[in-house]
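**Q** the sequence and its predicted three-dimensional model are supplied below.
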Amino acid sequence: MENVCPECRGTLRVKEKDGTVHPCYKCLSEGKMDQHDKNIKDASDYGIQL
Ligand SMILES: [Zn+2]
């Protein structure tokens with residue numbers, strides 16, 4: 001079984017019911033988005049408490 005993120009299914013993006021797309025907070029918290037670390041804010045900047 002691969003370790004695919006259940007929140008974004010490996011896409012690193014999550015689409016909300018209202019259509020809003022945002023970076024996956026779970027992957028952010030796990031440092032999976034390091035290729036964009038210059039542009040991606042820390043998860044706490046989105047108001048998410050990890
Ligand atoms: Zn994810």
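**A** Arrived safely.

**Q** which residues in this structure form strands?
**A** Along the chain, the stretches classed as strands by DSSP state E are 13-15, 21-23.

**Q** figure out which of these is closest to the ion.
**A** Relative to the ion, the nearest member of the strands of the chain by CB to the ion is strand 13-15, separated by 7.0 Å. Where C-beta positions appear, they are placed from N, C-alpha and C, glycine not excepted.

**Q** note down every partner strand of the closest one and its orientation.
**A** In its sheet, strand 13-15 lies beside strand 21-23 (antiparallel), with partners assigned from DSSP bridges.

**Q** so which bits of the chain are right by the ion?
**A** By the rule CB under 5 Å from the ion, the part of the chain lying against the ion is 5, 7-8, 24, 26-27.

**Q** can I have the buried ones of those residues as a PyMOL selection?
**A** To isolate the buried ones among these in PyMOL, judged by 16 or more other CB atoms under 10 Å, type:
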select buried, resi 8+24+26+27
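
**Q** kindly reformat the residues of the chain next to the ion as TSV containing pLDDT.
**A** Output for the residues of the chain next to the ion, formatted as TSV (pLDDT from 0 to 100):
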residue	pLDDT
5	89
7	89
8	90
24	90
26	88
27	86
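
**Q** and which of the residues of the chain next to the ion is nearest residue 17?
**A** Nearest to residue 17 among the residues of the chain next to the ion, counting by CB to CB, is residue 7 at 14.1 Å.

**Q** how about that closest one, what does it touch?
**A** Applying CB atoms under 8 Å, 6 or more residues apart in numbering, we find residue 7 in contact with 14, 24-27.

**Q** now it. Its backbone dihedrals?
**A** Reported as degrees, to the nearest 10, the phi and psi values for residue 7 are phi -80, psi -40.

**Q** skipping its backbone neighbours, what lies nearest it in space?
**A** residue 26 (4.4 Å; CB to CB, 6 or more residues apart in numbering).
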